[in-house]
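Colleague: sequence plus predicted model, see below.
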Amino acid sequence: MSTADLLRITNLSKSYDGSTKALDGASLSLRRGEFVSIIGSSGAGKSTLLRCVNRLIDPTEGSILFDGTEVCGLRGRKLRGLRRRISMVFQHYNLVHRSTAIENVLQGRLGYKNSLAGALSLFSEEEKRNAFEALEQVGLGCCAYMRADQLSGGQKQRVGIARALVQDPLLILADEPIASLDPISSRTVMEHLRWAADEKGIACLVSLHQVEYAQQFSDRVIGISGGKIVFDGVPAELTPAKIAEIYGEDNPNAPFAECC
């Protein structure tokens, strides 16, 4: 593996039923601080790919090297150690709605706690300071003591990003982070993820439906169709013909008009 690669995926496949492949021989690499978007139709394999990286899903075949360690064989404490350095931002936020924003952010530190400390929410003063700083960094310092269910969708997603940041990750996986948001909130969330890559050197692997955001914010774009990677290049190479190949020319939801 090149020393420049934080993540290298080789010939990765996943079958849920033993026959049909949700992922089919996918290979890609990701450098530290690089922002890479994954685009494709619903069911193309975007979420499966992301969830294989942090082993929320076990791949059927292939290799995942993260920071020099083979991921696929990890179990127990070693797997927990891996997940400390790979944080995740979810489409539906995954927040505790009755808890405050700052309490949700501090959950990003649970991977560093033993069972008792985690159950009792025993966090150090440094961890609390870092959590408040993360909220400030995503523009929500004023909302620290608001309950999550009082926040807008865009604010909830920014709490999710702050939670990811306090985990001190090398990689953020973001699974459709703007799918449920309005355009202004979507842009804000993408700007904060881009900031994490540029200013903190955190690699970001982001699955998106919105091709225009992939073009605007990414260093590289990966296109998946039918579980196979059919495009891997810089945004300028994402031509209408390539978009048609990724989404299928007959797909009524393909965003050709938005991207051309």
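Modeller: Yes, it's here. What you see is a predicted model; the values in this text were computed from it and never measured.

Colleague: buried residues in the longest helix anywhere in the chain?
Modeller: When the chain is parsed with DSSP state H, its longest helix is helix 183-200. Neighbour counts over helix 183-200 (16 or more other C-beta atoms under 10 Å) mark Ser185, Ser186, Arg187, Thr188, Val189, Met190, His192, Leu193, Arg194, Ala196, Ala197 as buried. The C-beta positions use only the backbone N, C-alpha and C, and glycine is treated the same way.

Colleague: check which helices and strands it sits against.
Modeller: Helix 183-200 is packed against strand 35-39, helix 153-166, strand 171-175, strand 203-208, helix 211-217, with contacts defined by 3 or more C-beta pairs under 8 Å, 6 or more residues apart in numbering; DSSP states H and E.

Colleague: contacts only, for Arg194.
Modeller: By C-beta atoms under 8 Å, 6 or more residues apart in numbering, the residues touching Arg194 are Phe35, Cys204, Phe217.

Colleague: pLDDT score for Arg147?
Modeller: At Arg147, the pLDDT value in this model is 97.

Colleague: which residues of the stretch 101-250 of the chain score low on pLDDT?
Modeller: When residues are selected by pLDDT under 70, those of the stretch 101-250 of the chain lie in 115-120, 249-250.

Colleague: now do the helices in this structure.
Modeller: For the chain, the helices defined by DSSP H cover 46-53, 76-84, 101-106, 115-119, 125-137, 153-166, 183-200, 211-217, 240-247, 256-259.

Colleague: got a markdown table for the ones you listed, with distance to Ile172 too?
Modeller: Below are these laid out as a markdown table (distance: least, C-beta to C-beta, whole Å):
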| stretch | distance to Ile172 |
| --- | --- |
| helix 46-53 | 10 |
| helix 76-84 | 12 |
| helix 101-106 | 14 |
| helix 115-119 | 22 |
| helix 125-137 | 12 |
| helix 153-166 | 5 |
| helix 183-200 | 6 |
| helix 211-217 | 13 |
| helix 240-247 | 23 |
| helix 256-259 | 24 |
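
Colleague: Phe90: which of the ones you listed is closest?
Modeller: helix 153-166 (6.5 Å; C-beta to C-beta).

Colleague: now do the closest one against helix 125-137, angle only.
Modeller: Counting by axes from the mean of the first three to the mean of the last three C-alpha atoms, to 10 degrees, helix 153-166 lies at 140 degrees to helix 125-137.

Colleague: next one: helix 153-166 to chain centre, how far?
Modeller: 12 Å (C-alpha atoms, centre = their mean, to the nearest Å).

Colleague: same for that helix, what does it pack against?
Modeller: Taking 3+ C-beta pairs under 8 Å, 6+ apart as the contact cut, helix 153-166 packs with strand 86-89, helix 101-106, helix 125-137, helix 183-200.

Colleague: now render those as a markdown table, adding distance to Asp232.
Modeller: A markdown table is the format used below for those (distance: least, C-beta to C-beta, whole Å):
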| stretch | distance to Asp232 |
| --- | --- |
| strand 86-89 | 21 |
| helix 101-106 | 34 |
| helix 125-137 | 30 |
| helix 183-200 | 18 |
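
Colleague: Gly233 is nearest to which of these?
Modeller: So among those, helix 183-200 is nearest, using C-beta to C-beta, at 18.1 Å.
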